[in-house]
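[1] Mind looking at a prediction? Sequence and model below.
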Amino acid sequence: MKKGRKAAPTPDEVELFRATVSDVTPLPGHGRVRHTPPPPKPVPSQRLRDDRETLEESLSHQHPWDAGSETGEELCYLRNGVGAPVLRRLRRGHWVIQDELDLHGLTVVEAHALLASFLNHCVRRGLRCVRIVHGKGLRSKNREPVLKRKVAGWLIQREEILAYCQARQADGGSGAVVVLLKGS
């Protein structure tokens, strides 16, 4: 039996009920029409699952990210509300690079943990401009830069990142990014 449903009355129960209400006079009809309520709107459960999954993927380090690419493989990003001249000055080396993190040879999981720790350390120290070397992927499978796209996605998720761009050739070129952090 389903929960919430009562069992149908037995013939003895029906007879007992009729005997009990035999001297009752029914009320006159009220003349109103009883409308059945509309069925509830369907719940788009698949869409809700898809939305939740998309959100989880966007926050995950497993998510491949190549947003912000202006010229093919070049990485660049500018947070909303930050003026374009900031990115132009970052590309030209306006800020002194105050610290560096090298992720060469690390797995994705190791690199993600180390990058988060490094950025937290930079914020605590009040650093404004840092370089992150992700490598060019020459030793990876299919000779593709795996960490390059991962680093780009991880940086975009961090609130303290104002902008980043590919490093100048003298600072690592396509194997590194220069990152501008919020000031304290």
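    Here it is on my side, so go on.
[2] What strand or helix carries the residue lying farthest from the centre of the chain?
    What lies farthest from the middle of the chain is Asp23; by Cα atoms, centre = their mean that is 69.0 Å. Of the helices and strands defined by DSSP states H and E, none includes Asp23.
[3] Same question for Val86.
    For Val86, the element it lies in under DSSP H and E is helix 84-91.
[4] Grab the nearest non-local neighbour of His134.
    Nearest residue to His134 in three dimensions, chain neighbours excluded: Leu147, at 4.1 Å (Cβ to Cβ, 6 or more residues apart in numbering). Any C-beta I mention is one placed from the backbone N, CA and C, and that applies to glycine too.
[5] burial count for that neighbour?
    25 (other Cβ atoms under 10 Å).
[6] In terms of secondary structure, what does the helix or strand encompassing it contact?
    Using DSSP H and E, Leu147 sits within helix 146-157. In terms of contacts (3 or more Cβ pairs under 8 Å, 6 or more residues apart in numbering; DSSP states H and E), helix 146-157 is packed against strand 76-78, helix 108-125, strand 161-166, strand 176-181.
[7] Please dump the ones you listed into TSV; it should also carry distance to Arg89 for every row.
    Shown next, in TSV, are the helices and strands packed on helix 146-157 (distance: least, Cβ to Cβ, whole Å):
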stretch	distance to Arg89
strand 76-78	11
helix 108-125	19
strand 161-166	9
strand 176-181	9
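[8] Indicate which one of these is closest to Pro9.
    Nearest to Pro9 among the helices and strands packed on helix 146-157 is helix 108-125 (64.1 Å), distances taken as Cβ to Cβ.
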